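> just a sequence and a predicted model for now, questions to come.
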Amino acid sequence: MKILLISIGTRGDVEPFLSLAEILKDDGHEFVGAFPEQFRELTEAAGIRFQSLGAEFLDLLDTKAGRLAMGGDGGRWRKFGSLVSLARQSMPIQRAMTARQHQITLEEEPDLILHNGKATFPLLWSLSNPTRAIHISAVPYLVHEVTDHPHIGMGNSNLGSFLNRLTYKLANFGLIQTIKSTAKWLKLPDRATTASIKRALNEEKMVYCVSPSLFPRPDYWPNHVHVLGYQERNKVLDWQPSEDLKAFLGRHDQCLLVTFGSMSNQHPIEKTAMFLETLEAQGIPAVFNTAAGGLVEPETYNRDLFHFVDQIPYDWAFERVHTVIHHGGSGTTHMALRKGCASMIIPHIIDQFLWNDVVHKLGAGPKGQSIGKVNRDRLARDIKDLWNNPSYKAQAEQISVHMKTEDFTQQLRQLIGKSP
């Protein structure tokens, strides 16, 4: 088959699709990746032909409003204002990306589309092409009701069975209206009614690429909804550690990794200084990954205790560090636990607050503060707890044992490779 992959978001939204392509590539399928322009090199390096959805979406996240919305500390109302501003600015960008999804689909004429929730056109396409679109999600609590947890957009506090279910109905209603509006301005056939879109949303195959060790599949879900584990992709490829990095790790029996991945914030210099001061006061050696700029390398710092890199494959790094402080992306959370690393999450946006709760409730690390609220006193207390409490490491290693037994390769090949 020709399988079109469509995903919108940061790297954590793209990686699951590259992982699935890696699993299925030996079955003779042709893959085309339709992602934001920033992931062209990553996609082509994975041997997948690339179609661009444009660079504007991720560029917007790097503006002042975007950084405040993603990891701001300007107060609740200022952050709310930035979200409103971001939504307003993103409307023409969202339309342009949807139009590109439409055009790419017409050009490619795929047999199957795998898409995430931010890519709404595939659901419309499925109205004329039943069973030929599959929703792929790296986070739970999205479309299908969970009685003891609200929709991911409504927080993480259990509201009770009735209200929890209501949050899914409200979220799905909003999604259906958005899709219906999209069909109207794209001038698609009249079959895109509220009822038909709702039916397609409820009946579309869905795969949660989430470990059942972190999110067990509810037994009351319909049979076309699956929880088929976190799929780890080899990200090392041609990357090689520098001699300085190898020497630094060799000098320390135990080391901490601090990374915010693709997340940014308003005050990266101040945030980095806060971590450096706290870790130096406790004598904890650490590697800092500056990545997308959420952390920055200062001109002067204790080079015996700290080492900075601008990128590092997590599958390589997590096997060589003792503990991790990270932003709480789904892939990063899964990989850290699968490698047996005790973790503390500094959440920036929606699903990262969920993973912060999950890691803490599983006993694999203390509950971290959000990037906008992190302060020196709390940070010092939490880092001391993370580093010195052996139960966190023991629990992470126990979770790792369970996660390493999870192999859903055949199920994925059967489910996706045999569609439609």
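Perfect, thanks for sending it. Numbering: from 1, shown residues only.
> would you map out the domains in this structure?
What the record gives for the chain is the domain set 2-234+406-415, 243-404, from automatic domain parsing.
> all strands of the stretch 151-300 of the chain, in order?
205-208, 225-227, 256-259, 286-289 (DSSP state E, counting those that start in this stretch).
> could you save the ones you listed as JSON lines and add columns showing mean pLDDT?
Formatted as JSON lines, these follow (pLDDT from 0 to 100):
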{"stretch": "strand 205-208", "mean pLDDT": "96"}
{"stretch": "strand 225-227", "mean pLDDT": "97"}
{"stretch": "strand 256-259", "mean pLDDT": "98"}
{"stretch": "strand 286-289", "mean pLDDT": "98"}
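> quick one: average pLDDT of stretch 59-72?
Computed over stretch 59-72, the mean pLDDT rounds to 65.
> count of residues packed around the closest residue to G365 other than its chain neighbours?
Here the nearest residue to G365 in space, its sequence neighbours aside, is S343; by Cβ to Cβ, 6 or more residues apart in numbering that works out to 4.4 Å. Where you see a C-beta, it was placed from the backbone N, CA and C, and this is true even at glycine. Here the number of neighbours of S343 (other Cβ atoms under 10 Å) works out to 29.
> for the helix or strand that contains S343, list the C-alpha coordinates in PDB.
For S343, the host element (DSSP states H and E) is strand 342-345. Included here for strand 342-345 are C-alpha records, laid out as PDB according to Å, rounded to 0.1, in the frame of the first residue of the first chain:
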ATOM      1  CA  ALA A 342      14.000   7.900  37.800                       C
ATOM      2  CA  SER A 343      12.400  11.100  36.500                       C
ATOM      3  CA  MET A 344      11.200  14.500  37.400                       C
ATOM      4  CA  ILE A 345       9.000  16.300  34.900                       C
END
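> that strand - what's its average pLDDT?
The pLDDT scores in strand 342-345 average 98.
> partner strands of that strand, with direction?
strand 323-326 (parallel) (DSSP bridges).
> ok, back up a step: for the domains of the chain, which has the smallest mean pLDDT value?
The stretch with the lowest average pLDDT out of those is domain 2-234+406-415, scoring a mean of 89.
> that domain: how far from the chain's middle?
Here domain 2-234+406-415 shows a centroid-to-chain-centroid distance of 11 Å under the convention Cα atoms, centre = their mean, to the nearest Å.
> ends of stretch 131-149, how far apart?
As for stretch 131-149, its first-to-last residue distance stands at 28 Å under the measure Cα to Cα, to the nearest Å.
> now the nearest residue to E56 once chain neighbours are set aside, what's its secondary structure?
With Cβ to Cβ, 6+ apart as the measure, I93 is the residue that lies nearest to E56, at 4.6 Å, once sequence neighbours are left out. In terms of secondary structure, I93 is helix; the call rests on DSSP: H, G, I helix; E, B strand; the rest coil.
> with the one 3 residues further on instead?
Classification of A96 by three-state DSSP places it in helix.
> for it, give its distance to I383.
The gap separating A96 from I383 is 43 Å, by Cβ to Cβ, to the nearest Å.
> check L163 too.
Applying Cβ to Cβ to L163 and I383 gives a distance of 36 Å.
> and those two? Which one has more around it.
Neighbour count, other Cβ under 10 Å: between L163 and I383, I383 has more, with 24 against 11.
> that's a helix at that one, yeah?
Yes - using three-state DSSP, the secondary structure at I383 is a helix.
> look up how far D304 lies from it.
Plainly put, I383 is 19 Å away from D304 if you go by Cβ to Cβ.
> swap in Q103?
From Q103 to D304 the distance is 55 Å (Cβ to Cβ).
> quick one: which of the two has more around it?
Regarding Q103 and D304, a neighbour count based on other Cβ under 10 Å identifies Q103 as having more, with 13 against 10.
> tell me which element that one falls in.
Assigned by DSSP H and E, Q103 falls in helix 76-108.
> ok, now A34?
With elements delineated by DSSP H and E, A34 resides in strand 30-35, which encompasses its position.
> within the sheet, what are the partner strands of that strand, with directions?
Its sheet considered, strand 30-35 pairs with strand 2-6 (parallel), strand 49-52 (parallel) by DSSP bridges.
> which outside residues touch it?
The list of residues contacting strand 30-35 from outside it, by Cβ atoms under 8 Å, 6 or more residues apart in numbering, reads 1-8, 14, 17-18, 21, 24-25, 39, 43, 48-53, 100-101, 104, 108, 110.
> now the buried members of these.
When the contacts of strand 30-35 are checked for burial by 16 or more other Cβ atoms under 10 Å, the buried set is 1, 3-8, 14, 17-18, 21, 24, 39, 43, 48, 50-53, 100-101, 104, 108, 110.
> isn't L337 right next to A396, touching?
Yes - taking contacts as Cβ atoms under 8 Å, L337 lies within contact range of A396: 5.8 Å.
> list residues touching both of the two?
Residues touching both L337 and A396 comprise S343, A364, with contact defined as Cβ under 8 Å, 6+ apart.
> same drill for these two, tell me which one is more crowded.
For L337 and A396, the more surrounded residue by other Cβ under 10 Å is L337, and the numbers stand at 31 against 24.
> that one is in what secondary structure piece?
Counting by DSSP H and E, the element that carries L337 is helix 330-338.
> which residues does that helix contact?
For helix 330-338, contacts defined as Cβ under 8 Å, 6+ apart pick out 12, 15-16, 138-139, 210-211, 213-214, 230, 232, 259, 261, 314-315, 318, 324, 326, 343, 345, 351, 355, 358-359, 362, 364, 396, 399-400, 403-404.
> try it again with 7 Å
Helix 330-338 has contacts (Cβ atoms under 7 Å, 6 or more residues apart in numbering) with 12, 15, 138-139, 211, 230, 232, 261, 314-315, 318, 324, 326, 343, 351, 355, 359, 364, 396, 399-400, 403-404.
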